[in-house]
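**Student:** With the sequence up front, the predicted model follows.
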Amino acid sequence: MSENFTFGNGDRVRVRTATPPGHCRTPTYLRGHIGVVEAQVGHFRYPEELAYGKDGLPKRALYRVRFAQRSLWPAYPGPAVDTVAADLFEPWLERSQE
């Protein structure tokens, strides 16, 4: 994989809803939700393969994605401007059409 990024800052992305067996670093509460790419963090060995003793290559793009708390938890009692940020690897993201 080249050191390119598929998504840029400000892009709206949806977290895939996959439920693979075994080790997975993508939080369940984020799956299916739309967020905005805040930063391109870099390229790193893929931890979902490292967990099984593999080399984690090729390196994968990692993004910091920000989500509105109320989009994750509709009954969230805090201010509407509150957000959650998560670092997510590219295989878990897809471009949002919404």
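**Tutor:** That came through fine.

**Student:** gap between the one residue sitting closest to the centre of the chain and N9?
**Tutor:** Central residue check for the chain by C-alpha atoms, centre = their mean: the C-alpha nearest the mean position is that of L88, 2.9 Å away. Distance of L88 to N9, given as C-beta to C-beta, to the nearest Å: 14 Å. The C-beta positions use only the backbone N, C-alpha and C, and glycine is treated the same way.

**Student:** Count residues in the vicinity of Q40, would you?
**Tutor:** Neighbourhood size, Q40 [other C-beta atoms under 10 Å]: 17.

**Student:** That one and Y52, how far apart?
**Tutor:** As judged by C-beta to C-beta, Q40 and Y52 stand 26 Å apart.

**Student:** Tell me who's in contact with the residue nearest to the centre of the chain.
**Tutor:** Residues in contact with L88 (C-beta atoms under 8 Å, 6 or more residues apart in numbering) are V15, T26, L30, L62, Y63, V65.

**Student:** Next up, phi/psi of it, please.
**Tutor:** Reported as degrees, to the nearest 10, the phi and psi values for L88 are phi -130, psi 140.

**Student:** ok, residues contacting the lowest-mean-pLDDT helix or strand in the chain?
**Tutor:** Ranking every helix and strand in the chain by mean pLDDT, DSSP states H and E puts helix 47-50 at the bottom, with a mean of 88. Residues outside helix 47-50 that contact it (C-beta under 8 Å, 6+ apart): P20, H23, C24, R25, D55, G56, F89, P91.

**Student:** ditto for stretch 17-33
**Tutor:** Counting by C-beta under 8 Å, 6+ apart, 14-16, 47-48, 51-52, 67, 71-72, 86, 88-89, 92 sit against stretch 17-33.

**Student:** Show the model's pLDDT score for the residue nearest to the centre of the chain.
**Tutor:** Model confidence at L88, given as pLDDT, is 97.

**Student:** Likewise for P21?
**Tutor:** We have a pLDDT of 71 for P21.
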